[in-house]
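*Asks:* Give me the fold of what follows.
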Amino acid sequence: MPVLPRTYVPPGQLWDRLDRSADAAVTVVVAPAGAGKTLGTAGWLRRPGSAGGRPPSSVRWVRGGQLDGEDLRAAVRSRRPARGGPVSSGHSALLVVDDAEHLAPSCLAVLEEVLETGWDGGRVLLLTRWDLPLSRVVPQLLGTLCVIRGDALRLDPEHARALVRRHAPDCPPDVLERIVQQAAGWCAALVLAARAARTAAPAGLESWPTVPGPVVSDFVAHEVLAGLGPRQRHLLMSLAHEPAVTAGTAAHLAHDAGAGRLLEELEATGLLVTHEPGPAGADLYRVHPVLAETARRRLAAGGADAARARATIARAARIDLAGGDLGAAATRTLVGAGPDRAAALLASHGLSMVLGTDPARFRAVAARCTDALGTRTSARLALAVDRWMSGDESGAVAGLADVCPAAPVTDGRDVEIARLLKALLGLEPLAPACSAAVQALAVTTAGQRPGRRALLLALVGEGQLWLDDLAAAEATLGNAAAAARSDASDRLLSEVLAHLALARYALGWPGAAAELARRGQRAWPAETRTTLAEAVLSLAALHADPWAAAADEVVPRRSGGRPPGRFWSHAGQALRLAIQGRCTAALELLDSPIELPPLPRSLDVARHALRVLISTAADDVAALTVSAERLASLGAGAEAELAAGLLAARNGDLNGGLAALRRAATTPALAQPDTVGIALVAAAQVADTLGDGPFADLLLEEGLQRAESRRDALSMVGWLGHVTPVHALLDRSSARSRSRWTAHLLDQARTHRSLAALVSHASPTPAESRLARRDVVASLTPRERDVLDRLARGASYADIAADLVVSTNTVKTHVASLYAKLGAGRRSEALATARTLLLL
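*Replies:* Alright, predicted model coming up:
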């Protein structure tokens, strides 16, 4: 929490408004820079006997730019009192977010949740320079949101005069009144004007302007700078581009060992500089925004003071570069030495910044020296790589177009990186580019800069992942991860681990894939929560516990990053729909086009293998036959045998189906989906139906062991109907000793029963889809839904009446209403429409 200055004047109107907003879950204070939001709120929190006065244990003060959605959610949860438990000292928990205009979109989503559901035992106070994109009308009507605007921070004339007198005790009355009039209650302008008046006093009143300028703060800030001593002025100009600094950083930038003491002197004024507790117990100092902007203008205008400040900033940048702080070096080089020197630094070290922990500062510096980048190939390539890693494929294509092949390169591997990037973007053939990159990696390049080898390995591994060479991709990506760790390229390491996780998933090890994906998120948490790592975690969860994972509402498809991730994300979403019983929708999704290059053979086989499973559960013989023929034409032996076995079993040829399924279980197959495991379980179902229980138990035991080793339960959901259900077979094996994972699998399978049975109840057959009415809007009452559910089970009117404890005539009335709403004339038409509209 900020420290109050000795010259502090309480803004009474703000305090009253904050007191009145005590019942709101979220309070937003909206006012421009220098209006006094931060110090006004800090004073309110320290005032005893008010809604603000509270013990430090119940208040947490954070800055918006330091939060993301998960941090804010954790902060809200951590401030919740235990259910039924008291809040400390009778006060509710309070989370204050300063600089809330810098909140990430994920944080705004968390705030929307707080507005919707409230916060038991706590409230959130947001201090922002402009309106946040939050829902306001309904929350304000409900009282969960209170918005306090800048008028509440405007000081009345009496408080304004008191503030001016504290900063300029000898200010003449007419000058004081002019300050109060021109500042119009704005705290920053009042303080700056008072200090300017005190500086100008020896020169007489004529030094003060009689005509108000466009913005009084511009003039008074200029006057304040002019009135400071040379060391203070140099310090402020050296810190003008820094959001917050420690005393050590200030000394580093100003080349002044006494910078910390100077900051303390400036902080004592209460406005020019403020300080707050920083990490590791170090105080952070912030120059007031108005004063910092004026200092930046002075720095840009030139002059002796500006030249001296630029020289010390450039010196600090050189030291930062030598110490490996590339982000600070680039930013300070731009300020101290100009765009040309900054562009040269980006050409030499830009790729390391993009692959490491400084991509945001790389973008900021590159945006301010675009012209100076010119034909610097390495810098342009770094821009393209940054866009590529951010998921902006069109931006990466445009960036690669700016890479000039004729220009001299700073590293020999830049050519291979650019070529492979173009190939992964579909601009060149991928296989030749991968081969050329592999050959380039075999050659040791002298003087190679950090990041090049790791990036090239990562790109080769990604290419191999798409080209069916999963074993080579796994090895290459493992080497890329080691190289990225060696180069401290955390962002690249996260990307590589996510692709390595996808390779492990495609190789049939979803449990190991999930652990790698989590490691990738920990390596670079800022940009992985909605990319490939999250997609792999979602897929792994679907395999580990398909019933629980599918119970979640279907969300819009995660892109999964680039082509391999997009394909598997698409497939996972179809699987999720199928396990929910919505197999018709799953087939439609699986067949829908997505933006991908032509699929390699293995992925085409995987797609049709998934279609086989979903078609089997949906009892869609036509779709199953088409996929079986396609798999046979692709030469996919095991997958084609699986399709033939499932089709034969569905058509009643149990002996032929069992033989085909046994061949599928012993033929080399793709690991994803797990053809062997699915064939073993289906063969066990068919064998038991044929009366060979012991053989069925052996097949099921082998399938269970395989599922447990891979943490893959998809084979146990019951894809095949018309035979002994999987849960019935599992019931026979329940007495055997099981691991915790297998025991949980058995419980879930018993609870959810067969997927084929669920689909037959809730999902329309192809014939029903053709019969269904889609032009009706069915708004059913709860009782009508009960009747509809029992009709789908084949119950008679008398059975429904007994089950619902109503008369048969009442059931007939509900049925007539159902038929009218569904546009049906008989039970089969009503059920076809209900299943198509997902009413069951």
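*Asks:* what's the pLDDT at Arg835?
*Replies:* At Arg835 the predicted local distance difference test score is 67.
*Asks:* actually Val124, sorry about that
*Replies:* Here the pLDDT value assigned to Val124 is 86.
*Asks:* The residue nearest to Ala25 when sequence neighbours are not counted: neighbour count?
*Replies:* With Cβ to Cβ, 6 or more residues apart in numbering as the criterion, Ala25 has its nearest non-adjacent residue at 4.5 Å, and that residue is Thr144. Any C-beta I mention is one placed from the backbone N, CA and C, and that applies to glycine too. Using other Cβ atoms under 10 Å, Thr144 has 19 neighbouring residues.
*Asks:* same check, this time on the one 3 residues further on
*Replies:* The burial metric for Val147, expressed as a neighbour count using other Cβ under 10 Å, is 19.
*Asks:* rewinding a little: so the residue nearest to Ala25 is in contact with Leu115, correct?
*Replies:* Yes. Counting by Cβ atoms under 8 Å, a contact exists between Thr144 and Leu115, whose distance comes to 5.3 Å.
*Asks:* Next, show the common contact partners of the two.
*Replies:* Common neighbours of Thr144 and Leu115 (criterion: Cβ atoms under 8 Å, 6 or more residues apart in numbering): 25-26.
*Asks:* Show me what counts as buried in stretch 610-621.
*Replies:* 610-620 (16 or more other Cβ atoms under 10 Å).
*Asks:* Distance from that stretch to the middle of the chain?
*Replies:* 34 Å (Cα atoms, centre = their mean, to the nearest Å).
*Asks:* any residues touching it, and which ones?
*Replies:* Contacts made with stretch 610-621 from outside it, assessed by Cβ under 8 Å, 6+ apart, are listed as 571, 574-575, 578, 583-584, 586-587, 590-591, 623-624, 626-628, 631, 639, 642-643, 646-647, 650-651, 673, 678, 718-721, 755-756, 759-760, 763, 765-766.
*Asks:* SS state for Val28?
*Replies:* In the three-state summary, Val28 is assigned as strand, counting by DSSP: H, G, I helix; E, B strand; the rest coil.
*Asks:* Find the pair from the buried residues of stretch 610-621 with maximum spatial separation.
*Replies:* With Cβ to Cβ as the measure, no two of the buried residues of stretch 610-621 lie farther apart than Leu610 and Asp619, at 16.4 Å.
*Asks:* contact partners of stretch 260-270?
*Replies:* Contacts of stretch 260-270 from elsewhere in the structure, counted by Cβ under 8 Å, 6+ apart, are 5-8, 39, 167, 191, 195, 231-232, 235-236, 247-248, 250-251, 256, 272-275, 285.
*Asks:* How is the protein partitioned into domains?
*Replies:* Taking automatic domain parsing as the domain assignment, the ranges for the chain are 12-153, 158-315, 599-760, 764-836.
*Asks:* before we move on, the earlier item: which of the contacts of stretch 260-270 are buried? Put it as a PyMOL command.
*Replies:* To isolate in PyMOL the members of those that are buried, counting by 16+ other Cβ under 10 Å, one can use:
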select buried, resi 5+7+8+39+167+191+195+232+235+236+247+250+251+256+272+273+274+275+285
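*Asks:* The contacts of stretch 260-270 in helices, which ones?
*Replies:* For the contacts of stretch 260-270, membership in helices holds for 39, 167, 191, 195, 231-232, 235-236, 247-248, 250-251, with DSSP state H as the criterion.
*Asks:* hmm, back to that, among the domains of the chain, which is the most enclosed?
*Replies:* Among the domains of the chain, the stretch with the highest mean neighbour count (mean count of other Cβ atoms under 10 Å) is domain 599-760, at a mean of 20.
*Asks:* quick check: mean pLDDT across that domain?
*Replies:* For domain 599-760, the mean per-residue pLDDT is 84.
*Asks:* Report the distance from that domain to the chain centre.
*Replies:* Distance, centroid of domain 599-760 to centroid of chain: 36 Å (Cα atoms, centre = their mean).
*Asks:* Any figure for the gap between Ala306 and Arg298?
*Replies:* Between Ala306 and Arg298 the distance, using Cβ to Cβ, to the nearest Å, works out to 6 Å.
*Asks:* Please apply the same query to Ala571.
*Replies:* Counting by Cβ to Cβ, the gap between Ala571 and Arg298 amounts to 59 Å.
*Asks:* can you give me the strands for the stretch 301-450 of the chain?
*Replies:* Counting by DSSP state E, counting those that start in this stretch, the stretch 301-450 of the chain yields no residue ranges for strands.
*Asks:* for the stretch 451-600 of the chain, which spans come out with low pLDDT?
*Replies:* For the stretch 451-600 of the chain, the stretches with pLDDT under 70 are 524-530, 551-561.
*Asks:* Swap in 50 and give it another go.
*Replies:* 528-530, 554-558 (pLDDT under 50).
*Asks:* how about the helices in it?
*Replies:* Taking DSSP state H, counting those that start in this stretch as the test, the helices found in the stretch 451-600 of the chain are 452-466, 470-486, 490-506, 510-523, 532-544, 546-551, 563-579, 583-591.
*Asks:* which one of those lies closest to Leu95?
*Replies:* Leu95 sits nearest to helix 510-523 of all the helices of the stretch 451-600 of the chain, at 24.6 Å, using Cβ to Cβ.
*Asks:* any chance you could map the helices in the stretch 151-300 of the chain?
*Replies:* Taking DSSP H, counting those that start in this stretch as the criterion, the stretch 151-300 of the chain contains helices spanning 157-167, 173-183, 187-200, 216-227, 230-238, 247-254, 259-267, 289-301.
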